[in-house]
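S.K.: Sequence first, then the predicted structure, then my questions.
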Amino acid sequence: MIDIDEWTITSATLKAQGGTADARLKTVMDSLVRHLHDFAREVQLTEAEWSHGIDFLTRVGRITDDKRQEFILLSDVLGLSTLVTAQCNRRPTGCTEATVFGPFYVPDAPKYQNGDDISNGAHGMPCLVRGSVRGIQGERIADARIDVWQSDDEGFYDVQRPELGSAQGRGQLSTREDGRFDFRSIVAVPYPIPHDGPVGQLLEHLGRHPWRPAHLHFMIQAPGYETLITHVFRSGGAYLDSDAVFGVRSSLIADWKRHEPGVAPDGTRMDEPFYTLDHDFVLNKAPRD
């Protein structure tokens, strides 16, 4: 029996978990234990503080459900999501940069054809979004699957509005033979991440705001290419330099152009001011097995 104290506890814990046959699990858990123990010793963590930390994590778990993922928010605001995204998505120069996934993606979104309106009644200024998907060598990618989702003009996603009963501001479509796509939606606006829970309380104590700059989410998948998860951010708006979840990349900032009532680029008549967004995406080839 060894004498356990504040210094020997680390080696004792590492020894206790040393019997795992999973080499990767051992690498991750050994490093986690060493860093956690060093952290506690560095800050001289008190029992009261650790009890408060456990209570915080418990509240994060309790507020999480199928509509709200508080742990993703916590990872996002601590910069961990961006760190993991960056180190797992190193791509050649010229490829569209990846950024954080966020907590509001919903699988199996409604399917749309090019030219359709994915807002499906969501409130906001009308916007026509156009672009293309190609590979790093310039090849146009046909039938690339595009998932897109966004908030309404009050900053809420459809999953935050249980009264809706249907998806709004999200959809799935595919590129044409020439790699191009277009759809109608609404203008992106800044919005705060959910801050009525423990993560919001943490931000307040840290003197940080909960706001995200205006953006559209995209996930693009095509056979033979790496999946791209990214945003397109609206230029000139607030919070581009202080995104609460550290998701902004300069290469992902684009212009939403305002137009007076008239004929839109797709030939339809617009009776109110509208916007257009043009943005192209470049995918990296998937590694061969």
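M.R.: Noted; the coordinates are in hand.

S.K.: where do the strands sit along the stretch 151-289 of the chain?
M.R.: 170-174, 180-186, 191-192, 211-212, 215-221, 228-234, 253-254, 256-259, 262-263, 269-270, 274-283 (DSSP state E, counting those that start in this stretch).

S.K.: Of all those, which one is nearest Ser151?
M.R.: Closest to Ser151 of the strands of the stretch 151-289 of the chain is strand 191-192 (Cβ to Cβ; 5.0 Å). No exception for glycine: its C-beta is placed from N, CA and C like everyone else's.

S.K.: what about the closest one, average pLDDT?
M.R.: Average pLDDT, strand 191-192: 94.

S.K.: Serialize the strands of the stretch 151-289 of the chain to a markdown table and add fields for distance to Gly247 and mean neighbour count.
M.R.: Shown next, in a markdown table, are the strands of the stretch 151-289 of the chain (distance: least, Cβ to Cβ, whole Å; neighbours: other Cβ atoms under 10 Å):
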| stretch | distance to Gly247 | mean neighbour count |
| --- | --- | --- |
| strand 170-174 | 18 | 20 |
| strand 180-186 | 19 | 21 |
| strand 191-192 | 13 | 18 |
| strand 211-212 | 7 | 22 |
| strand 215-221 | 8 | 22 |
| strand 228-234 | 6 | 23 |
| strand 253-254 | 11 | 18 |
| strand 256-259 | 18 | 15 |
| strand 262-263 | 34 | 10 |
| strand 269-270 | 31 | 12 |
| strand 274-283 | 16 | 19 |
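
S.K.: At which residues are the strands of the stretch 1-150 of the chain located?
M.R.: According to DSSP E, counting those that start in this stretch, the strands that the stretch 1-150 of the chain contains are 126-135, 145-149.

S.K.: want to throw those strands into a markdown table with mean neighbour count?
M.R.: Converted to a markdown table, the strands of the stretch 1-150 of the chain look like this (neighbours: other Cβ atoms under 10 Å):
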| stretch | mean neighbour count |
| --- | --- |
| strand 126-135 | 21 |
| strand 145-149 | 21 |
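
S.K.: Contacts only, for the closest residue in space to Asp152 that isn't next to it in sequence.
M.R.: Sequence neighbours aside, Ala122 is the residue nearest to Asp152 in space, at 4.3 Å (criterion: Cβ to Cβ, 6 or more residues apart in numbering). The contact partners of Ala122, by Cβ atoms under 8 Å, 6 or more residues apart in numbering, come to Asp152, Asp153, Asp158, Gln168, Gly169, Ser185, Ile186.

S.K.: wait, which of the residues you listed is closest to Ile54?
M.R.: Distances from Ile54 to those, taken by Cβ to Cβ, are shortest for Asp158, at 33.8 Å.
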